[in-house]
Structure formats: C-alpha cells, structure tokens
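Colleague: Just need the structure, nothing else, for what follows:
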Amino acid sequence: QVQLVESGGGLVQAGGSLRLSCAASGRTFSRYTMGWFRQAPGKEREFVAAINWSGGSTFYVDSVKGRFTISSDNAKNTAYLQMNSLKPEDTAVYYCAARKLAYSVYPGSYEYWGQGTQVTVSS
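Modeller: You can find the predicted model right below:
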C-alpha cells in the first residue's frame, strides 16, 4: 500500500522559512515524479514544484522560483520542499503527490497523495 506522509508545516512570520518533508513508502519510486501542490481556502489546488525521482530534474511555478527548493533523498524515499522568504500569500495546505514518469502541473494526473500539512504565514 502506497503512503505519502507530509510533515513540517506550521506558523511562520513573513520572510521566514519552513522545510516540508514527504516520506514515501509502499513501492519503488525510481520512475516517479514527486510533486508539491498547495490549496488555499476557496481556491483550487495549484502546482508548486516537482522533482524527477531518478534524474533529479526540478520544476517550479513562477511564483516560488528563487524562494522554494525541491529535493529528494532516494535512500530515505523522502522528498523535501525548502521554503524561504515566505509570504502571506503562500498560506495554504501543502500536499505531496506522486505520478509515473514525467512531471505534470495537473493535480488529476497524480496517482498518490499525502494528507496535507498546513502552512500559515503571518504578515
């Protein structure tokens, strides 16, 4: 049974940093892409970043480029999202997700999802 478990969310002031983790289990993810999405109240779930598990290629939405960094530790089957220079508009529930092969910005194309972790950025 595949499980994705996020951790690391919390409350932080604007300009601060948080590091999210996504621990994956239940299968081999070597041909998968791991993605991070977020959903703010009343808004649709949006793509934030993705990493190709085997090759390490990374992808970001424009609004987080230069502030967020996605990475993975294959030995630990864990993906990370380092978030720096946080802004109030980054406030959302953050989800990790996995899909086979190439990355996608569409949530519906991801097979597996975590339960989400709340990130709140105060002004």
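
Colleague: Any figure for the gap between the residue of the chain most remote from its centre and residue 8?
Modeller: Within the chain, the residue lying farthest from the chain centre (C-alpha atoms, centre = their mean) is residue 123, at 22.6 Å. According to C-beta to C-beta, to the nearest Å, residue 123 and residue 8 sit 21 Å apart. C-beta: built from backbone N, CA, C; applies to glycine.

Colleague: Residue 1 now?
Modeller: 23 Å.

Colleague: So for those two, which residue has more residues nearby?
Modeller: Here residue 1 and residue 8 are compared on neighbour count by other C-beta atoms under 10 Å; more neighbours surround residue 8, at 16 against 5.

Colleague: Leaving out sequence neighbours, find the closest residue to the most centrally placed residue in the chain.
Modeller: Most central in the chain under C-alpha atoms, centre = their mean is residue 36, positioned 2.3 Å from the mean C-alpha point. Excluding its sequence neighbours, the residue lying closest to residue 36 (C-beta to C-beta, 6 or more residues apart in numbering) is residue 48, at 4.4 Å.

Colleague: Please identify the buried residues of the helix or strand hosting the one you found?
Modeller: For residue 48, the element it lies in under DSSP states H and E is strand 46-52. Within strand 46-52, the residues scored as buried using 16 or more other C-beta atoms under 10 Å are 47-52.

Colleague: do the same with stretch 12-19
Modeller: 12, 18.

Colleague: what is the mean pLDDT for that stretch?
Modeller: Across stretch 12-19, pLDDT averages out at 98.

Colleague: Look at it and report the distance between its end residues.
Modeller: One end of stretch 12-19 sits 11 Å from the other (C-alpha to C-alpha, to the nearest Å).

Colleague: got it, and stretch 25-38?
Modeller: 21 Å.

Colleague: where along this protein do the strands fall?
Modeller: Under the criterion DSSP state E, the chain contains strands at 3-7, 10-13, 18-25, 32-39, 46-52, 58-60, 68-73, 78-83, 92-100, 112-113, 117-122.
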